[in-house]
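J.: need a structure here:
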Amino acid sequence: METTISLLAKHLGATGVESSGGDARFAVEGTGGGHLKVHISARQQRFMAVLSDSNGVVRTTVDVAPINHITEDKAFPGRVTLDVGRVHVHIDTKPTLAIEVTTPLEG
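T.: Below you'll find the predicted structure:
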């Protein structure tokens, strides 16, 4: 899970990672003043995040588990996608901080 945490922190642009046991925390500062605070529990493969705007107003929170897979998309720099069951959680840092939750289309 350390590799996963490093991948997330690197691709999202975190300035540092605090780690204790199986837990890790990091923050990402957006260009427009927003903040993304992330907490990852390795034992539970759990991802928790709080996205706040430049005024400190919480815009969204995400708490999902278990994380099955994490990918980056070369077509979207600054984006990481978490696969959690049949749900995809897209975390964007460019051009602005954003979190989008989607499900694949049935086909």
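
J.: So which residue is smack in the middle of this protein?
T.: Ile91 (5.0 Å; Cα atoms, centre = their mean).

J.: dump the residue contacts of that residue.
T.: For Ile91, the contact set (Cβ atoms under 8 Å, 6 or more residues apart in numbering) comprises 12, 36, 49, 79-82, 98-99. For every residue, glycine as well, the C-beta is placed using N, CA and C.

J.: Next step: the residues you listed restricted to helices.
T.: Judged by DSSP state H, the subset of the contacts of Ile91 located in helices is Leu12.

J.: so how far is Val87 from the closest residue to Arg86 other than its chain neighbours?
T.: With sequence-adjacent residues excluded and distances taken as Cβ to Cβ, 6 or more residues apart in numbering, Arg86 is closest to Thr103, at 5.7 Å. Separation of Thr103 from Val87 (Cβ to Cβ, to the nearest Å): 6 Å.

J.: likewise Arg59?
T.: Between Arg59 and Val87 the computed distance is 19 Å (Cβ to Cβ).

J.: And the helices in the chain?
T.: Going by DSSP H, the chain shows helices at 2-12.

J.: Where does pLDDT dip in it?
T.: Across the chain, the ranges flagged by pLDDT under 70 are 1, 107.

J.: Give me the buried positions along stretch 14-29.
T.: Of all the residues in stretch 14-29, those buried under the rule 16 or more other Cβ atoms under 10 Å are 14, 17, 23-28.

J.: can I get the CA coordinates of it in CSV?
T.: Extracted in CSV, the C-alpha atoms of stretch 14-29 (Å, rounded to 0.1, in the frame of the first residue of the first chain):
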residue,chain,number,x,y,z
ALA,A,14,1.0,16.7,-2.3
THR,A,15,3.8,18.6,-0.7
GLY,A,16,4.4,15.9,2.0
VAL,A,17,3.0,12.7,3.4
GLU,A,18,2.5,12.0,7.1
SER,A,19,2.5,8.3,7.9
SER,A,20,1.8,6.3,11.0
GLY,A,21,1.4,2.5,11.0
GLY,A,22,-0.8,1.7,8.1
ASP,A,23,-2.4,5.2,7.9
ALA,A,24,-1.2,8.1,5.7
ARG,A,25,-2.4,11.7,5.4
PHE,A,26,-1.6,14.4,2.9
ALA,A,27,-3.0,17.6,1.6
VAL,A,28,-3.1,19.2,-1.9
GLU,A,29,-3.3,22.9,-2.4
